[in-house]
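S.K.: I would like the atomic coordinates for the input below:
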Amino acid sequence: MKARIYKSTGSWYSVKSEAGTVYQARMKGVVKLDNITSTNPIAVGDWVTYEMEDEQRGTVMITEILDRNNYVARQSPHNKRQKHIIASNIDQSILLVTLKAPKTSQGFIDRFLISCELYHIPAIIVFNKADIYGPKEMKVYEQMKQMYTQVGYQVHLISIEQKQSLDALQALLQNKITLLSGHSGVGKSSFINYLFPELDINTQEVSDWSGKGLHTTTFAQMYDLPKGGAVIDTPGMRELALVNIEKEELAQYFPEMLSIMNDCQFNNCQHINEPGCAVKAAVEKGTISEARFYSYIDLWHTMQEPMY
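M.R.: The predicted structure follows:
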């Protein structure tokens, strides 16, 4: 029998069968975990097979983890030599960001987009807290919107607090499995409460002393939308280190670079200081954003050799 992982709390999982029945599940000892390099062998969104353990208590045993179509992962915060799978088998991702209270860096945005590009997952960038933005923040928003839409990403401006532009965003979720990610404090739990008011998920204000968000979601969890599709809510992330990407391949995950890198003089051009670089020429002409290029340079210099 087949089911999907809806919540992971460590050794126990909430699964929903194809018939719509929810069970509490744990992994059978004989499940193959060969070549597993993640701290969580089972992730929300995974399809698994199961067998009944205790029908009265509603518990089942997971017997097999089925192949994933895709997944988004980060470096494990507990072990730099392992990755942590955020969610799997998703149709699109929404990165919720803010320009103040707290401020999301462009580096964080670009690292998330790279993680999505790795498995060809469409990414949507949503700027929340429009109600507290002044002229300075709105100017930054317009610049970032232009930069990312030129690359091909959807960019939206909303205010969850004022329920501004939420209907249009909600329409994008229908009949799709959507991963919802972002820093702590950007409004993920508030958005889940808007979509599912019956859940009444706890939300917290941004920490005054640090300007950073406070964690309110402890475990990733998937929620079914009433008109089809589902949203996977994830714990807020302070940092997002890249995994499964080699330093020499980084430019391939910047779509604007990928489209012209074959025009570089050298096949192994890293677009740093090589002569005849088509990417650097495009930056000088203004067809590639300087901010995106410098973001690539920063990431390239900080990337370590792969350990996965």
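S.K.: poorly predicted segments of the stretch 1-150 of the chain, please.
M.R.: Applying pLDDT under 70 to the stretch 1-150 of the chain flags the ranges 30-37, 77.
S.K.: now do the longest helix along the chain: distance to the chain's middle.
M.R.: Determined from DSSP state H, the single longest helix within the chain is helix 135-151. Centroid displacement of helix 135-151 relative to its chain, using CA atoms, centre = their mean, to the nearest Å, is 21 Å.
S.K.: what sits up against that helix?
M.R.: The contact list for helix 135-151 (CB atoms under 8 Å, 6 or more residues apart in numbering) reads 99-100, 106, 125, 127, 133, 155, 157, 254-256, 289, 291-292. Bear in mind the C-beta positions are built from the backbone N, C-alpha and C, glycine included.
S.K.: then stretch 70-84?
M.R.: Contacts for stretch 70-84 (CB under 8 Å, 6+ apart): 37-40, 43, 45, 85-90, 93, 115-116, 119-121, 179, 181, 237, 239-244, 307-308.
S.K.: return the set of buried residues in the longest helix of the chain.
M.R.: 137, 140-141, 144-145, 147-148, 151 (16 or more other CB atoms under 10 Å).
S.K.: max pairwise distance over those residues: which two?
M.R.: Farthest-apart pair in those is 137 and 151; separation 21.3 Å (CB to CB).
S.K.: can you give me every residue that contacts residue 160?
M.R.: So residue 160 contacts 128-129, 166, 187, 190-191, 194 (CB under 8 Å, 6+ apart).
S.K.: for residue 199, same thing?
M.R.: Neighbouring residues of residue 199 by CB under 8 Å, 6+ apart: 192-193, 223.
S.K.: please enumerate the strands of the stretch 1-150 of the chain.
M.R.: Taking DSSP state E, counting those that start in this stretch, the strands of the stretch 1-150 of the chain run over residues 2-8, 12-17, 22-27, 47-54, 59-65, 71-75, 83-88, 92-97, 123-127.
S.K.: got a ChimeraX select line for the buried ones in the contacts of residue 160?
M.R.: Buried members of the contacts of residue 160, defined by 16+ other CB under 10 Å, are picked up in ChimeraX with:
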select :128,129,166,187,190,191
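S.K.: how many neighbours does the nearest residue to residue 260 once chain neighbours are set aside have?
M.R.: The shortest distance from residue 260 to any residue other than its chain neighbours is 4.8 Å, reached at residue 278 (CB to CB, 6 or more residues apart in numbering). When neighbours are defined as other CB atoms under 10 Å, residue 278 has 18 of them.
S.K.: same deal with residue 19?
M.R.: 8.
S.K.: so the residue nearest to residue 260 sits against residue 263, correct?
M.R.: Yes - the criterion here is CB atoms under 8 Å, and residue 278 meets it with residue 263 at 3.7 Å.
S.K.: residue contacts, residue 53?
M.R.: Counting by CB under 8 Å, 6+ apart, residue 53 touches 59-61.
S.K.: picking that back up, CA atoms of the longest helix of the chain as CSV?
M.R.: Extracted C-alpha coordinates of helix 135-151, given in CSV (Å, rounded to 0.1, in the frame of the first residue of the first chain):
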residue,chain,number,x,y,z
PRO,A,135,10.1,55.0,0.0
LYS,A,136,13.6,53.5,0.6
GLU,A,137,12.3,49.9,0.8
MET,A,138,10.0,50.3,-2.1
LYS,A,139,12.9,51.5,-4.3
VAL,A,140,14.9,48.4,-3.3
TYR,A,141,11.9,46.2,-4.0
GLU,A,142,11.5,47.7,-7.5
GLN,A,143,15.1,47.1,-8.2
MET,A,144,15.0,43.5,-7.0
LYS,A,145,11.8,42.9,-8.9
GLN,A,146,13.3,44.1,-12.1
MET,A,147,16.5,42.0,-11.5
TYR,A,148,14.7,38.8,-10.8
THR,A,149,11.9,39.1,-13.4
GLN,A,150,14.6,39.7,-16.1
VAL,A,151,16.0,36.3,-15.1
